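From the sequence below, what's the structure:
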Amino acid sequence: MQDGKKNAPESLNEQSAGEQPAKSTERPEASEGAEGAKGPKEPKNSEAQEAGKQSAESAKSDAQPSDKTVKEASAQETSDRTVSDGASDAKPAAKAAESTESTEPAKEADSEKEPKQSSSKQPVKSAETETADKAKPEDKAKKPAQGEKEDKGDKGKVLAEPARFEKLRAAVLNLGWKKWTAIAVVAAVLLGAGLFLAFGTSHTIERSDRDAGENIYMVVKPGTTASEISDRLMQLGVIDSRLRFWWLMKLQGDASKFKTGTYAFTPHMDEQAVLDKLVAGDTTVVKFTIPEGFGIKEIAKRLADEGLVDEQEFLAEAKDFAPYDYMKKRPNVRYAAEGYLFPDTYVIHSDVSAEGIMKMMAEDFDTRLTPALRQQAAAKGLSIHDLITLASLVEKEARYDEDRPIIAQVFFKRLQMGMPLQSDTTLQYLMAGPKEDVSIEDTKIDSPYNTYQHEGLPPGPIASPGMKSILAVLNPANTDYLYFVADRQGHNHYSQTYDEHLAIVEQVR
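Predicted coordinates:
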C-alpha cells in the first residue's frame, strides 16, 4: 500500500507533461481511489472536489468484496486485515488522500498548466496501475481466502459437518447427570461382564480335562449367605474362580435363589454349572466316612461339620439309642450307642435325621457281626457287649495291625489274673480332649471308666472298633506279656515283669 501511494503521483506527472489524459472505463480499486486523490487540485475548483468524492466512493464500493473475504477467512492473514482497514471507511481514505495532497510540494501544483486534466470525473490511471487492476480479478479467482472453498458445493459440505456435530453436542449436553451416571454404570457393568465371561469361557476350556474326580459334598444351611457359599466352594476346590462365580450370581440374580441341602460336586467344576445346581436345588445323596476308633463325640462333630446333623442333638439321641438287645444301656454307660456305630463310609440322602444315621450305622455293625463271630465270642465266654468293649480298648491302644493281637492277649491275661487293665485310653475317654501322656493325677480320676482304679472292663465301649480289632480279641496272640508301652512313633514294646517295663519306659520316653 505504501509503495502504491508513492508511485501514483509520478504517473500523473508524466501524463500531464506530454499526453492528453483519457477517461478510465474501469472502476478503480481502493488503492486507485487513493492514487486518484493525489492528483494536483486547486482548493476552489469544484470539479476537483467532485473527482475526489467520486474516487472515495469508488474506493468504498471496491472495498466491500475484500471485507467479505476477510470475514470468511476469519481474519487469519495480516495483509487482508490491512486491506479491510483501508477500505472499510471511505471517508478516512479520502482524508488520507487530502492529507497526501497537502504534503505535496507547492511547486508541483504550480507546474500544472492545464487544471482541467486533474478535474476530470474519472482519475487517470497509469499503465502499471491498469495492468495491476486487470490482474486483480484473476488473482482473486485463483487465490481464494484461507478457509474458503473454491467450489460452492464443497463449501456447503464443510458447513454441514460442524452443524451436525453441533446438534450432537447439544443433545449430549441436554442429558442430565442422572442419565449420564446410569449410562456409565451400565456400560461399565456390560464391559466388565463381557470381559469377565470371556475370561471364564477360556478358563473353562483350559481346565476341561480336570473336571473328573471324587465327589465333594457341601451343605447349604438356612441363612447361609451367597458370599459364604462362594468362599466354601473355593476352599473345597469345587470352583477355581470365586470372582467369576460372584459375577455370575449378580448378573443372573441367583444369589437369593439357592436351595438348602447337601450337594455333590466334583473338583474344578464350571462356575455356571455349580450355580445352576444350587438354584435348581439339585441335592443328592451324601457320602461321609467315620474312621476306626472314633467315639460318639467325634462322630457327632464329624457329621455336624458335614452339615448333616446338629452335634448336640446327635449326642442326646445317642444316650439311649439301643435298637438291639446287646445295645441296651447298662449302668454307668455314658452313651448306649457308643461302640456300635460301625466305622465305615456311608452314602445317605441329605435329609436323613440324626436317628436315621445312627440306625444305619448300627445296622451295618449288626450285619458285620456274623453268626460265626457271635458263636466264637460265646465260646470265649464273651458277650457281644464285652467283646466290643474290649475291642474298643485294643483299637485305641494299637496303631499298627501287628500290635492288636498282642495287646488283646495282655488284656486277657490281666483279666485272668485279676490285675487292673491300666489302660491310658480309658482315662483319655474321661477327659475333654486327647492327651499325649497321662499323669499320676489323671490315674486318680474317680470314674468307673478309670481302669487304674477299677479291675475288669469299663462299663462299656469307649470307641467304635474296626473289624481288625474285633478279630484280634477273638484271636489273641499266645504270649506271656503283662506290660506294654508305646514309643513316640506308636510302636509298642512289651515286657513280662514290671522292672523290665520301667526300663523300657525310660528308653522309649
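
CA atoms for contacts and neighbours, from now on please.
Noted.

So Tyr263 lies in a helix, does it not?
No. Per DSSP: H, G, I helix; E, B strand; the rest coil, Tyr263 lies outside any helix segment and is strand.

mind checking how far the residue lying closest to it once chain neighbours are set aside is from Arg302?
Nearest residue to Tyr263, sequence neighbours excluded (CA to CA, 6 or more residues apart in numbering): Thr283, at 4.7 Å. Distance, Thr283 to Arg302, by CA to CA, to the nearest Å: 20 Å.

Tell me which of those two has more neighbours.
Shown here are Thr283 and Arg302; by other CA atoms under 10 Å, Thr283 has more neighbours (21 against 18).

Would you double-check that the more buried one falls in a helix?
No. Per three-state DSSP, Thr283 lies outside any helix segment and is coil.

What residues sit buried inside the helix or strand that contains Phe288?
Using DSSP states H and E, the element containing Phe288 is strand 285-289. For strand 285-289, burial by neighbour count (16 or more other CA atoms under 10 Å) applies to 285-287.

Mind giving me the packing neighbours of it?
strand 261-265, strand 345-349 (3 or more CA pairs under 8 Å, 6 or more residues apart in numbering; DSSP states H and E).

For the helix or strand just after it, buried residues please.
Remark: after strand 285-289, the chain's next helix or strand is helix 296-305, criterion DSSP H and E. Under the neighbour-count criterion of 16+ other CA under 10 Å, helix 296-305 has 296-297, 299-304 buried.

now the angle between helix 296-305 and the helix or strand following helix 296-305, please.
As assigned by DSSP H and E, the chain's next helix or strand after helix 296-305 is helix 311-319. For helix 311-319 against helix 296-305, the angle by axes from the mean of the first three to the mean of the last three CA atoms, to 10 degrees is 140 degrees.

Let me see the residues that make contact with helix 311-319.
296-297, 300-301, 303-304, 334-338, 354-355, 358 (CA atoms under 8 Å, 6 or more residues apart in numbering).

remind me which residues of the stretch 101-250 of the chain are low pLDDT?
Applying pLDDT under 70 to the stretch 101-250 of the chain flags the ranges 101-213.

The same query, at a cut-off of 80, please.
Filtered on pLDDT under 80, the stretch 101-250 of the chain yields the residue ranges 101-215, 217, 219, 221-222.

pLDDT value on the nearest residue to Leu248 once chain neighbours are set aside, please?
In this structure, Leu248 finds its nearest non-sequential neighbour in Gln272, 7.2 Å apart by CA to CA, 6+ apart. Note on Gln272: pLDDT of 93.

quick check, Gln272 in a strand?
No. Looking at Gln272 with three-state DSSP, it is helix, so not inside a strand.

gap between it and Phe245?
When distance is defined by CA to CA, Gln272 is 7 Å away from Phe245.

the more surrounded of these two?
Higher neighbour count among Gln272 and Phe245: Phe245, with 22 against 15, using other CA under 10 Å.

The more buried one contacts Met269, correct?
No. Contact between Phe245 and Met269 fails when scored by CA atoms under 8 Å: they sit 10.9 Å apart.

which residues do these two both contact?
Ile239.

Just the element for the nearest residue to Ser227 once chain neighbours are set aside, please.
The shortest distance from Ser227 to any non-neighbouring residue, by CA to CA, 6+ apart, is to Trp246 (7.8 Å). In this assignment (DSSP H and E), Trp246 forms part of helix 242-252.

Go through that helix and flag the buried ones.
Residues 242, 244-249 are the ones in helix 242-252 that count as buried (16+ other CA under 10 Å).

can you tell me how far Tyr452 sits from Ser423?
7 Å.

Compare the two and say which one has the larger neighbour count.
For Tyr452 and Ser423, the more surrounded residue by other CA under 10 Å is Tyr452, and the numbers stand at 22 against 18.

My guess is the more buried one contacts Leu421. True?
Yes. With contacts counted by CA under 8 Å, Tyr452 reaches Leu421, the gap being 6.8 Å.

was I right about Met358 contacting Leu341?
Yes. At 6.6 Å, Met358 and Leu341 qualify as touching, with contact defined as CA under 8 Å.

With neighbour numbers in mind, choose between the two.
With neighbours defined as other CA under 10 Å, Met358 and Leu341 compare such that Leu341 has more, 26 against 21.

Next up, identify which helix or strand that one is on.
Take DSSP H and E as the rule and Leu341 turns out to sit in neither a helix nor a strand.

Can you name the residues that contact Arg330?
336, 459-460.

Pretty sure it sits in a strand.
No. Read with three-state DSSP, Arg330 is coil and lies in no strand.

Skipping its backbone neighbours, what lies nearest Tyr498 in space?
That would be Tyr483: by CA to CA, 6+ apart, it lies 7.3 Å from Tyr498.

so what's the one you found scoring on pLDDT?
96.

so what's it up against?
By CA under 8 Å, 6+ apart, the contact list for Tyr483 reads 410, 494-498, 501.

What about the residues you listed, which one has the most neighbours?
Val410 (23 neighbours).

Run a quick check on it versus Tyr481, I expect a contact.
Yes. In terms of CA under 8 Å, Val410 counts as a neighbour of Tyr481; the distance is 5.8 Å.

Go ahead and confirm Thr451 touches Gln422.
Yes. The pair Thr451 / Gln422 is scored as a contact, 4.9 Å apart, by CA under 8 Å.

out of those two, which sits in the more crowded spot?
Neighbour tally, Thr451 and Gln422, criterion other CA under 10 Å: the higher count belongs to Thr451, 22 against 19.

how much space between the more buried one and Glu338?
Applying CA to CA to Thr451 and Glu338 gives a distance of 18 Å.

first vs last residue of stretch 266-282, how far apart are they?
End to end - CA to CA - stretch 266-282 spans 14 Å.

Buried ones in it, by neighbour count?
Result for stretch 266-282 [16+ other CA under 10 Å]: buried residues 266-271, 274-275, 277-278, 281.

so which of those residues comes closest to Gln376?
Thr266 (44.2 Å; CA to CA).

didn't that closest one look like it was pressed against Met218?
No. Between Thr266 and Met218 there is no contact under CA under 8 Å: 10.7 Å.

residue contacts, the nearest residue in space to Tyr481 that is not next to it in sequence?
Once flanking residues are discounted, Tyr481 sits nearest to Gln496: 4.6 Å by CA to CA, 6+ apart. Going by CA under 8 Å, 6+ apart, Gln496 touches 480-483.

now, which of those residues sits nearest Thr443?
Tyr483 (16.7 Å).

Can you name the residues bridging to that closest one?
Ser495 (DSSP bridges).

Let the chain start at 53 from now.
With 53 as the first residue, the last one maps to Tyr535.

got the residue ranges for the strands in the protein?
Assigned by DSSP state E, the chain shows strands spanning 268-272, 313-317, 337-341, 397-401, 535-538, 544-547.

quick revisit: which among the contacts of Gln548 end up buried?
Listed as buried from the contacts of Gln548 are 533-535; burial here means 16+ other CA under 10 Å.

tell me the contacts of Tyr452?
542-543.

From Ala316, how far out is it?
Tyr452 is 34 Å from Ala316, by CA to CA.

Thanks again, I'm all set now.
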